[in-house]
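structure for this input, please:
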Amino acid sequence: MNAIDLLVSDHRTVEKLLEELTETTSRGVKTRQTLVEKIGALLKAHTMIEEEIFYPAFKQAGDKEEAKMYFEAIEEHRAAGELVLPDLLQTDPSGEQFSGRAKVLKELILHHAQEEEKEMFPAAKKLFDQAKLKALGEQMFQRKQELLKDKEELLELTLRERA
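Numbers count the residues shown, from 1 in each chain. Below is the predicted model:
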């Protein structure tokens with residue numbers, strides 16, 4: 001699997017989980033807790049493989065425009081990972097605030113994924129040949145497995161993506 005296919009697959013998986021999360025009600029406390037934990041672990045792994053492997057290669061291969069996309073993507077990761085997600089994880093799943101915070105996280109992630117898919121990934125396809133995209137994808141997949149090794153169910157999702 002090449003790097004872009006791996007990242008797009010991650011986007012679809014997280015989007016599906018976020019959709020499930022925003023459709024829950026305050027009575028679904030256990031479901032909400034489980035979904036938030038899954039989303040948090042997947043987002044952390046996804047963010048790390050992008051920031052450690054994909055983004056640096058993208059920035060290095062590009063010019064000012066790619067550098068601009070790189071820094072914007074990093075800031076969007078920071079907003080989701082350091083502000084919105086931690087707040088959601090600490091919010092009472094049976095409380096009224098939970099739905100609002102879940103919706104904000106979903107909108108932020110959807111916006112970020114759409115930008116990557118419409119701007120960054122097409123630019124990456126011009127910067128990298130298929131061999132480079134495949135090599136990056138292999139490296140990212142291995143790193144993602146390492147990051148999710150303690151999360152059996154999430155690792156299974158990852159392995160199914162690979163098939």
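
quick check, pLDDT for the residue of the chain most remote from its centre.
Ranked by distance from the centre of the chain (CA atoms, centre = their mean), the top residue is R27, with 27.2 Å. Note for R27: predicted pLDDT of 93.

with H46 as the reference, measure out to it.
30 Å (CB to CB, to the nearest Å). To be clear about C-beta, it is placed using only N, CA and C from the backbone, and glycine gets the same treatment.

got it, and V8?
For V8 relative to H46 (CB to CB), the value is 11 Å.

who's more crowded, the two?
H46 (24 against 17; other CB atoms under 10 Å).

now the helix or strand encompassing that one, how far from the chain's geometric center?
Using DSSP states H and E, H46 sits in helix 29-49. Centroid separation between helix 29-49 and its chain, computed with CA atoms, centre = their mean, to the nearest Å, is 10 Å.

likewise stretch 47-54?
Counting by CA atoms, centre = their mean, stretch 47-54 comes out at 10 Å from the chain centroid.

what's the span of that stretch from first residue to last?
Stretch 47-54 has an end-to-end distance of 10 Å (criterion: CA to CA, to the nearest Å).

for it, buried residues please.
For stretch 47-54, a neighbour-count test (16 or more other CB atoms under 10 Å) marks 47-50, 53-54 as buried.
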